[in-house]
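Participant: One predicted model, sequence on top.
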Amino acid sequence: MRLVNRKRSILKTKPPRARNLQARTRATSLVLALIFYATASAAVESGVFQPPALDQFIPSDKSDADGDGDGVEETQVQRYRNLDGDRAFSLTTNGRLWAWSVDTERSEAGNADYVIRDSDCDGSFDERYGLDEEFHLPDCAK
C-alpha cells in the first residue's frame, strides 16, 4: 500500500524541469504585462511644458497637413533647423498654435525628442508625447 501512495505522489509531482519552465513562463508573462502597462501609461505625459527655444534655429519651410485625419489639410506646419541638424516644427490651425515638436540628432539627448500639445487651446502646452506616438488636432482648434 505504501508503494502505491508513493507512485501516486510521484505522479502528482511535476519534474523539476517542468516546475522551472512553469516559473519562467509566469515570470515572463509578468514582465510582459509590466512592459505593456508601462508603455500604455507612458503614451501621454501631463504637465506644463515650455515651447522650444528657437534662438539657434532658422525657418526652413512651410506646408499644410491634415491634423485631424479627415482628409483636409487644415493645419500649417512651420519647420525649423539648426546647424547641428536638429529639427523643430510648429502646428497651427485657424491661427491657433497647438503643438511643437523637437527632434535632435544627438543620441545623448535622451528625452529631448518630443511633441508638446495644447489640448484645450488655453496657450499652455499641457501634454507631452514621444516622437513615435500618435497625437491629433485638439477639438478646440477645429
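Facilitator: Good, I have the coordinates. Numbers count the residues shown, from 1 in each chain.

Participant: Show me how the record splits the chain into domains.
Facilitator: Domain assignment for the chain, taken from automatic domain parsing, gives 2-42, 46-141.

Participant: Least reliable of those by average pLDDT, please.
Facilitator: Averaging pLDDT over each of those singles out domain 2-42 as the lowest, with a mean of 47.

Participant: Do a quick rundown of the strands in the chain.
Facilitator: Ranges of strands in the chain, per DSSP state E, are 45-49, 57-65, 75-82, 87-93, 96-103, 114-117, 125-129.

Participant: Of the ones you listed, which is nearest residue 142?
Facilitator: Closest of these to residue 142 is strand 87-93, at 7.2 Å (criterion: CB to CB). C-beta here means a position set from N, CA and C on the backbone, and glycine is covered the same way.

Participant: about what we covered before: now render the strands of the chain as JSON lines, adding distance to residue 135.
Facilitator: Formatted as JSON lines, those follow (distance: least, CB to CB, whole Å):
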{"stretch": "strand 45-49", "distance to residue 135": "12"}
{"stretch": "strand 57-65", "distance to residue 135": "12"}
{"stretch": "strand 75-82", "distance to residue 135": "12"}
{"stretch": "strand 87-93", "distance to residue 135": "9"}
{"stretch": "strand 96-103", "distance to residue 135": "7"}
{"stretch": "strand 114-117", "distance to residue 135": "6"}
{"stretch": "strand 125-129", "distance to residue 135": "5"}
